[in-house]
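Novice: kindly return the folded structure for what I paste below:
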Amino acid sequence: SDTELSAYRRTLDGARVQWKSDKGDSPRTEVQIFSSSVRQQAVHDVIATTGGMLYYLSQDAVIEGSEQVTLIVRDQNTGVVLQRIPQVRNSDYVVKYAEGRLLFRRPLSSINSDATIISQGLLAGNPMSLEVDYETRSPGAKQAIRGGRVQRRVGDSLTVGGSYVEDQQLSSDYSLAGIDAELRLNEHARVVAELASSSGNDSVNFISTDGGLNYTAIAMAANTSGAALKLATEIDIGAIRGKAPDEMQLGAYFKRLDDGFRSSGSSAEHDSEKMGLHFAWRMSERSSLLARHDRQRAVLGDSGDAQTTLQWNRHSDRLKLTLEMQDRETRGPSGERQDTAVAGQAKMDWTGKLSTTLEYQQALRGAENQQTTIGLDYRVRDAITLLGRTSIGTRGHASELGARINVGDKQVYATQRRTSDGGGSEDTTVLGAEAAYGENGRIYSEYQWARMTGHSRSQSLVGMRRRWYFGEGFNLLLAGEHTQLDMPADDTGRYTFALGLNYDNDGAFRARSLNEWRRDRGDLSRSQFITDTFAELDLNDSFTLQGKFRRSRTTATGSDPGAAFHEESIGLAYRPISNDRFNALARITLLSEDPLQRDSGRSPYSSQVFSADWSYEIGARMEWVGKEAFRIKISEGDGLDEFTTRTHLSIQRMNLDLFGEFGVGLEYRRLEQDETASVRTGWLTEVMWDHFQHLRLGLGFNFTDFSDDEFSDHEYSEHGWFLRMQGKY
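Specialist: Below is the predicted model of the structure:
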């Protein structure tokens, strides 16, 4: 994300290497390369904020930890991104991956205060939205993804870089290439240039205007391609003249994105050409002058607009005055139009707690746009704030009332908004609260009601989570949540209840169990129960017994067949404390699955797996490591006839310490399947580095084409180079 046009933001598993050549405090050369092979799809959601805390993603079953959430503020007239504010999980928001839902710690307003006071809409301000990049599972073969970036600092003023990404997706391959440069004329002036090109689509894109309740897919051609260019400069004229920094600033930019260009975060700007110039002058300690000109047009077609704004500000200890003039030209299918307006604003701080705002704007040319706005901001106490705003004009009227109360770890917020114009009226109410529940718990709720001409909608959320500690290592977790959505075309609800038990007193016995029940009601009603239980018992200083029990059951109405999964395993470990010359593990595992989506290539099956692993030190420099595994699998074919396969996996390996921290390993593998009478054999070699106390690194080559995982269905694609990391304890 060093650049804008050639940015690539995804959460993957694989290998990433970064190298820096340092000279003093500044790295001269920086190289990054990465490679990954995954079965997952990148998704990019743009969600308009609604003034609430709860937002739904377009997809559920999100890969855990893959989300990247950013709050975006765009200019209300040009669409230029003014701010990108990254949001941090468990600090700014919490996420439910299975349900695809975000719950923020604070309500997110639909608009952000703007430096300009002239507005074309009823509620002034720059629109805010959430951009969420995340990953979901995708069936089929693995997708190879690789890329890299090189950045070089030349002298003290010039930095050049290049980026390249290649993503072999299932639907269409994607590639992105870019070069960039930054020239610092001095510490107060710089010029930035970027050039990038792409082919294909980097993600599937969705947009929602109602907080994630409804989504519209952004259609994109599979064979799309295009280029993008960005030029920008920033000059601190005041500092160059020897005056105070930021006294006088000048900036300019040019950005062009072809219709077929795709990169992370640019989906809303393709097919556009934008340029602009801005100037800021702090005339004195109490007055300033701002001037800005922005122009944009569609690369394909004749639509576009240009806007020029001139603003003067003066403030005293309690009063702030603003005068503004704005000229705007728009060109579209209906022809050309030019609007010029002037406005004035007076903001008075009366008591330190109470402030009022009075605005008036008048159109001088073009469509009539007379508007008067009165605003009030009253801080009752340090923890209580009341907000109010109302606008009346020729285009309609709008009002917004809000309150926020923060007392300790409790938060209550409410917003009431009403807009009315020629297209009808809309009333929206948001009410929410969050508070501590006991010493280790939270309780939260939010309600939203929207009433529009002809229909209405509402959504609600109420939830609780608390953990109790009873001493001696035992604790209990209870969590519950209910969400409800009522719309003319959609009436859905969800109930979730979770019970968790955990016992660990640093003794011989440890256990945990997490159980969840979920009920979805709507066009497709579905119930799901999940239990995950684990227990471990130290029989003595050498033997440890471990058991796992996992089961889930999903039932649904209609044509949905439901799904089921269970895993039961018991294992015995021999790890003597007196010496570690011989160690062994043995395990029996029972598995079965009835998948929800049978058309994805997955069929119902059940299997029994018996496995044993051991290691034996033959001498001070030689170690014998072995694995024997046997699996019986019963699968259901396309014709619903069952068939059984019996597979035997045998691995024998010798590790030899050469010198110092290095060693080599030679491994022989044999995979045999009875029903097909097939036998696959081969070798694997590896060089190991034992430099770290708890980590061993290995680099090797696999001459076979099958995995050492006894649970694998063996796609016979494991051949080639590999990097292995082993934890030691």
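Novice: beyond the lowest-mean-pLDDT helix or strand in the chain, next helix or strand please.
Specialist: Ranked by mean pLDDT, DSSP states H and E, the weakest helix or strand in the chain is strand 111-112, scoring a mean of 68. Next helix or strand after strand 111-112 toward the C-terminus (DSSP states H and E): strand 126-137.
Novice: got the buried residues for the helix or strand following that following strand?
Specialist: Following strand 126-137 in sequence order, the next helix or strand is strand 143-154 (DSSP H and E). Buried residues in strand 143-154, counted by 16 or more other CB atoms under 10 Å: 143, 145-151, 153. Any C-beta I mention is one placed from the backbone N, CA and C, and that applies to glycine too.
Novice: let's have the residues you listed in TSV, adding distance to residue 74 and pLDDT.
Specialist: Formatted as TSV, the buried residues of strand 143-154 follow (distance: CB to CB, whole Å; pLDDT from 0 to 100):
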residue	distance to residue 74	pLDDT
143	32	84
145	30	92
146	33	94
147	28	95
148	31	95
149	27	95
150	32	96
151	28	94
153	32	90
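Novice: pick out whichever of those residues sits closest to residue 498.
Specialist: residue 143 (33.7 Å; CB to CB).
Novice: isn't the closest one up against residue 37?
Specialist: Yes: with contact defined as CB atoms under 8 Å, residue 143 reaches residue 37; the gap is 7.0 Å.
Novice: off-centre distance for stretch 679-690?
Specialist: 38 Å (CA atoms, centre = their mean, to the nearest Å).
Novice: now do the contacts for the spatially closest residue to residue 468 that is not a sequence neighbour.
Specialist: Counting by CB to CB, 6 or more residues apart in numbering, residue 468 lies nearest to residue 476, which is 4.7 Å off, once chain neighbours are set aside. By CB atoms under 8 Å, 6 or more residues apart in numbering, the contact set of residue 476 is 467-468, 470, 499-502.
Novice: looking at those, which are in strands?
Specialist: Among the contacts of residue 476, the members found in strands (DSSP state E) are 467-468, 499-502.
Novice: what's the closest of those residues to residue 571?
Specialist: Within the ones in strands among the contacts of residue 476, distances to residue 571 taken as CB to CB reach their minimum at residue 502, with 20.4 Å.
Novice: so which residues of this structure form helices?
Specialist: 237-240 (DSSP state H).
Novice: please report how far the residue lying farthest from the centre of the chain lies from residue 658.
Specialist: Within the chain, the residue lying farthest from the chain centre (CA atoms, centre = their mean) is residue 619, at 50.7 Å. Taking CB to CB, to the nearest Å as the measure, residue 619 falls 14 Å from residue 658.
Novice: could you do residue 526 as well?
Specialist: 58 Å.
Novice: of the two, who's got more company?
Specialist: Neighbours were counted for residue 526 and for residue 658 using other CB atoms under 10 Å; residue 526 has more, 19 against 11.
Novice: low pLDDT regions in the stretch 551-700 of the chain?
Specialist: Along the stretch 551-700 of the chain, segments meeting pLDDT under 70 span 557-561, 596-602, 637-640.
Novice: now do the strands in it.
Specialist: Along the stretch 551-700 of the chain, counting by DSSP state E, counting those that start in this stretch, strands occupy 563-574, 582-594, 605-617, 622-636, 642-659, 662-673, 678-689, 695-702.
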